[in-house]
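Q: Using only what follows, build the 3D model:
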Amino acid sequence: MKALIFALSLFVLIGCKKDDNSNSNSGNFDNLPADIIKDFWKISYYADDGVDETSRFTSYTFDFRQDGTVDASNDLLTETGTWIYEDSSNDSTDDEELILLFTSSNNALEEISDDWHITSASATQVVLYDISGSNGTTDYLTFTKE
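A: Take a look at the predicted model:
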């Protein structure tokens, strides 16, 4: 199933390539800030450098708040980070992003601290990707409403 999700995500990424001079995707995900602050979210898929590491996040619940903070909680701890929705008008890559930042010593949360490009966003699921600057591989992150 995870291989299918990965393949579909890759297909969407390839199929969604747009002209660099076009701003046609601007505003496609304007609903994200309102939707993400409703209820709690889980990471349903995370792949780092092509390796499925979703299991590192199965115990976490994410609570995105309107003030731009996000709590990542499990049975043992709660870590607070920040989130920002950036539309294409504020982004040098001319796309929309969800920026996550956790500054704790928690390695799992540090792994998802990044500027994530939005592939799709609905009231129940947010699909993201990031191209690593160090080695050019693509990481994938999907949040699903609990």
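
Q: going forward, measure contacts and count neighbours with C-alpha atoms only.
A: OK.

Q: phi, psi of residue 46?
A: With angles defined as degrees, to the nearest 10, residue 46 sits at phi -150, psi 120.

Q: Quick check: beta-bridge partners of it?
A: Here residue 46 sits in beta bridges with residue 141, as judged by DSSP bridges.

Q: Next up, the contacts around it.
A: Under the criterion of C-alpha atoms under 8 Å, 6 or more residues apart in numbering, the neighbours of residue 46 are 52-54, 139-142.

Q: Can you give me the neighbour number for residue 106?
A: Neighbour count of residue 106, defined by other C-alpha atoms under 10 Å: 10.

Q: now residue 111
A: Counted with other C-alpha under 10 Å, the burial measure for residue 111 works out to 12 neighbours.

Q: Pull out the buried residues from the contacts of residue 46.
A: A residue is treated as buried here by neighbour count (16 or more other C-alpha atoms under 10 Å); on that basis the buried members of the contacts of residue 46 are 52, 54, 139-142.

Q: returning to what we had before: pick the one among the contacts of residue 46 closest to residue 66.
A: Distance ranking of the contacts of residue 46 against residue 66, using C-alpha to C-alpha, places residue 142 first at 20.0 Å.

Q: Tell me which stretches of the chain form strands.
A: The residue ranges that make up the strands of the chain, judged by DSSP state E, are 41-48, 51-52, 61-64, 69-73, 78-86, 97-101, 114-121, 125-131, 138-145.

Q: Same list, those, but as TSV with mean pLDDT and distance to residue 31 please.
A: Rendered in TSV, the data for the strands of the chain read as follows (pLDDT from 0 to 100; distance: least, C-alpha to C-alpha, whole Å):
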stretch	mean pLDDT	distance to residue 31
strand 41-48	97	16
strand 51-52	96	28
strand 61-64	98	14
strand 69-73	97	18
strand 78-86	95	10
strand 97-101	96	12
strand 114-121	94	8
strand 125-131	96	11
strand 138-145	97	15
